[in-house]
Structures are given as structure tokens and as C-alpha cells.
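[1] Sequence first, predicted coordinates after that:
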Amino acid sequence: MLDVRFLSGIDLFQDLPDSCLEVLEKDSDVFDCKSGHLFYVAEQTGKKLFILEKGSVRTFRPYGDKRLAIATLRSPAIFGVLGCFGRGKYQSSAEALQPSRVRTVSCECIRTLLECAPHLANKFADLMSERLAHFLHSMETLARKGLIPRLATLLLEKAENDVVAGMTHQELADHLGLHRETITSTLGELRTAGIIEIKRKMIFILQRARLERATHE
């Protein structure tokens, strides 16, 4: 009964009938793991939902030989939800930050729960939307960290007499394979720093030396 009470205290499973909670408790497995345990990796096909009952977990995205931290989760928490729906693939990797206790729930069990409590589908949709938005924000942050050198290089290449004329933000974005909003935001950073000035379809390079240095940052 303790497990059922614990599960009912998690936002996702609140208001579930006891019969549904009992199915969840019965058809799931609990295990203890050490710090550094890898639960799944990005792009791996999902087969389970994970419930963090004790400890903490970090989700991250491999980036070359580095790791981009997505989120740090502390119990009680749900993770791995994106692997159970849609394309059925995890968008990030997950590892234990400290000795942890985790409950795993199969995708089949999740489908049974949805039949038992159809309103749970809305909660899953909200959770997936929240996690995906957070993931995309983290990836955009990573992209922007390396964007200023790329954008500075492009501006210098396209400039004539220190003026980039006739190019819209969308065209700059297309050259770099990015969204227009990201380019607009980064140009705003350069303008705030006093390196460039922007007028309609014209970008004036005010401090060429600083812009050249920015290509190597």
C-alpha cells in the first residue's frame, strides 16, 4: 500500500482511482542503482517510463565530446516520457547523479493505464509538451553559444565598405541554417555591444576590429 500512496502523490498520477494505481504498482519494477548509472541514451527506442522515487537524475544531450545538460530531476519525478509516445525515441540521455531508486513502467502498462483513466492522456500531453519545450530551449542555447563567431564571419564576408546591404534577417538565417528569430536576437547582441548598427536591410559595421575578434570567440 505504501507504493500506491507514493504514486498517488506524483502530479501525473494524482486523482487516479486506486484500481489504476494498483495496476501501475503491480506491473512495474523497482530497482536501486549507483551514481553514474545510464538509464538510456539519446535516439534510443523507448520501451519504458521511469519514475524517480529516491535520489536525482540528470538528462543531457551528447554534443561532440561534451555533454549539454538539459535538466536535473529530484525525486519524485518522471523521466523518459518522450520515449513512450510519438516516434518512440528518447530525445536525451539520462544518468543517475547519486545512488537512486527508480521504478520502470512498460509502454504496455501505460496503454493499460490510459484505458483505465482516459483523462491521463491530457496530463501526458502536457508533460511531453513541457519537456520538449525545455529540450528545444537548451538546444537553442547551445547553438547560440557558437553562433556569434559564425554570424560575425558571415557579416564580414558579405560587407562592402563595412556595410551589409540588401540582406534580410531571414536570408542571413538561411545562410547559417538557423531560425530568423535566432539571428535577430544575436544581431541585437552585437548592436547592444556597439559593434554594428541596423537599419532597414542594411547592417553597418561600426567596429570592424571587434567583429573580427568575435569570429574567434
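    Received, thanks. Numbers count the residues shown, from 1 in each chain.

[2] The nearest residue to Ser75 once chain neighbours are set aside pairs with what?
    Of all residues not flanking Ser75 in the chain, Leu52 sits nearest, at 4.7 Å (Cβ to Cβ, 6 or more residues apart in numbering). Bear in mind the C-beta positions are built from the backbone N, C-alpha and C, glycine included. For Leu52, the beta-bridge partners are Ala77, Val102 (DSSP bridges).

[3] Tell me the spacing between Leu52 and Cys107.
    18 Å (Cβ to Cβ, to the nearest Å).

[4] before we move on, back to that, please tell me how far the residue nearest to Ser75 sits from Gly83.
    15 Å.

[5] which of the residues in stretch 16-32 are buried?
    Buried residues in stretch 16-32, counted by 16 or more other Cβ atoms under 10 Å: 16, 20-21, 23-25, 28.

[6] ditto for stretch 162-174
    Of the residues in stretch 162-174, 164, 167, 169, 172-173 count as buried by neighbour count, 16+ other Cβ under 10 Å.

[7] so of those residues, which ones are in strands?
    Per DSSP state E, strands hold the following members of the buried residues of stretch 162-174: Val164.

[8] so can I have TSV of the buried residues of stretch 162-174 showing distance to Ile203 and pLDDT?
    Shown next, in TSV, are the buried residues of stretch 162-174 (distance: Cβ to Cβ, whole Å; pLDDT from 0 to 100):
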residue	distance to Ile203	pLDDT
Val164	4	94
Met167	8	89
His169	10	90
Leu172	9	89
Ala173	14	85
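
[9] Out of the buried residues of stretch 162-174, which is nearest to Glu197?
    For these, the closest approach to Glu197 (Cβ to Cβ) belongs to Val164, at 11.0 Å.

[10] nearest to Gly88, of the buried residues of stretch 162-174?
    Ala173 (31.1 Å).

[11] show me what contacts that closest one?
    Counting by Cβ atoms under 8 Å, 6 or more residues apart in numbering, Ala173 touches 179-180, 182-183.

[12] so where do the strands sit in this structure?
    Going by DSSP E, the chain shows strands at 28-33, 38-40, 48-54, 56-63, 66-74, 77-79, 93-96, 100-106, 163-165, 196-199, 202-205.

[13] Would you single out the least confident of those strands?
    Mean pLDDT per stretch puts strand 66-74 lowest among the strands of the chain, at a mean of 80.

[14] what comes up buried for it?
    Buried, per 16+ other Cβ under 10 Å, within strand 66-74: 68, 70-71, 73.

[15] what's the answer for stretch 37-50, then?
    By neighbour count with 16+ other Cβ under 10 Å, stretch 37-50 contains the buried residues 37, 39-40, 46, 48-50.

[16] Do you know the pLDDT at the residue located most distally from the centre of the chain?
    Distance from the C-alpha centroid of the chain peaks at Asn161, with 41.1 Å (Cα atoms, centre = their mean). For Asn161, the model assigns a pLDDT of 93.

[17] ok, it to Met202 distance?
    Going from Asn161 to Met202 by Cβ to Cβ gives 12 Å.
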